[in-house]
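Asks: Need coordinates for the below:
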Amino acid sequence: MPPLEPEPTLWDLPDPRDAPPGDDLIGLGADLEPGTLLAAYRAGLFPMPTRHLPRPRSGRPGRALGWWSPDPRGIVPLDGLRVTRSLRRSVRRYEVRVDGAFTEVVVACADPSRPHGWISEEIVAAYTRLHELGWAHSVETWCDGVLVGGLYGVSVGGLFAGESMFHRERDASKVALVGLVELLRAASPGADGRLLDVQWLTPHLASLGAVDVTRGEYLDRLAAALPLPDAFSP
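Replies: The predicted structure follows:
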């Protein structure tokens with residue numbers, strides 16, 4: 001069943017092409033309704049709370065909803081994923097499932113003990129709604145029937161926008177990424193323009209083959225990817 005299109009957003013979202021080079025945060029406010037989230041991903045944006053605006057009366061910094069378009073932007077080329085011999089052993093060790101425990105994956109990614117945590121209850125609820133409509137998905141790793149790692153993100157046409165990942169066992173999140181790349185490759189043999197977005201490049205992601213592209217290149221790739229069929233729809 002294809003994803004269900006929600007009511008369109010009531011907000012005018014900023015155009016990332018108008019943002020100064022190198023500025024990652026390009027908007028504040030709006031909401032986390034499904035229509036707003038989808039409009040944002042289609043425009044090259046994603047939401048993340050930010051400490052930017054003062055709270056009323058107190059004047060102390062508060063958490064505002066930020067809209068981000070990193071420059072540069074991290075992506076994983078589908079033909080560039082690096083799978084070491086040790087990771088191949090881990091792939092054989094775990095079972096990979098899709099959408100078997102979506103909310104549990106998001107909640108695990110939101111663990112407040114993790115450094116730089118930003119996934120609030122509102123974020124969990126918003127992406128669960130997107131999942132129920134068929135737009136957000138999880139790729140999970142299981143061991144002996146126990147969830148040990150995974151990732152979640154948003155799939156719009158040929159875009160998969162990765163949001164977060166977690167692991168409780170060695171290499172469990174990496175195996176989920178391998179499973180995701182295999183799923184995307186199977187949907188489009190030859191990697192015909194699908195785009196795997198990881199937001200910001202980290203040393204961990206770079207070790208797996210992620211690379212930086214400029215915001216302009218990302219937006220060009222996004223425009224080519226959006227018309228492609230959804231890899232998660234039968």
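
Asks: ok, the nearest residue to Glu169 once chain neighbours are set aside - contacts?
Replies: Distance criterion CB to CB, 6 or more residues apart in numbering; nearest residue to Glu169, sequence neighbours excluded, is Val148 at 4.1 Å. Placement of C-beta: from N, CA and C, glycine included. Going by CB atoms under 8 Å, 6 or more residues apart in numbering, Val148 touches Tyr94, Thr141, Trp142, His167, Arg168, Glu169, Ala172.

Asks: ok, the fifth one to Ala176 distance?
Replies: Right, the one you point to is Arg168. 12 Å (CB to CB, to the nearest Å).

Asks: shared neighbours, those two?
Replies: Common neighbours of Arg168 and Ala176 (CB under 8 Å, 6+ apart) are Gly149.

Asks: Give me the more crowded residue out of these two.
Replies: Taking other CB atoms under 10 Å, Arg168 and Ala176 do not tie; Ala176 has more neighbours (28 against 14).

Asks: and that one, how far is that from Arg97?
Replies: Taking CB to CB, one finds Ala176 at 9 Å from Arg97.

Asks: hey, what's in contact with both of these two?
Replies: Val139, Glu140.

Asks: Kindly tell me how buried the closest residue to Pro3 other than its chain neighbours is, as a neighbour count.
Replies: Once flanking residues are discounted, Pro3 sits nearest to Gly134: 3.3 Å by CB to CB, 6+ apart. When neighbours are defined as other CB under 10 Å, Gly134 has 17 of them.

Asks: Give me the pLDDT value at Gly134.
Replies: You'll see Gly134 listed with a pLDDT of 98.

Asks: Report the secondary structure element holding the residue nearest to Glu169.
Replies: Using DSSP states H and E, Val148 falls within strand 146-156.

Asks: Parallel or antiparallel, which strands does the helix or strand that that strand is followed by pair with?
Replies: Once strand 146-156 ends, the next helix or strand along the chain (criterion: DSSP H and E) is strand 159-167. Under the criterion DSSP bridges, strand 159-167 sits next to strand 146-156 (antiparallel), strand 195-199 (parallel) in its sheet.

Asks: Let's see strand 159-167 as PDB, backbone CA atoms only.
Replies: What follows is strand 159-167, C-alpha atoms only, in PDB (Å, rounded to 0.1, in the frame of the first residue of the first chain):
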ATOM      1  CA  LEU A 159      15.100   9.800  -0.800                       C
ATOM      2  CA  PHE A 160      15.700   8.100   2.500                       C
ATOM      3  CA  ALA A 161      16.500  10.700   5.100                       C
ATOM      4  CA  GLY A 162      18.200   8.900   8.000                       C
ATOM      5  CA  GLU A 163      17.300  10.500  11.400                       C
ATOM      6  CA  SER A 164      19.100   8.500  14.000                       C
ATOM      7  CA  MET A 165      20.500   5.000  14.900                       C
ATOM      8  CA  PHE A 166      21.400   3.100  18.000                       C
ATOM      9  CA  HIS A 167      23.000  -0.200  19.100                       C
END
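
Asks: what is the mean pLDDT for it?
Replies: On average, strand 159-167 scores 97.

Asks: how about Thr103, secondary structure?
Replies: Following DSSP: H, G, I helix; E, B strand; the rest coil, Thr103 is assigned to helix.
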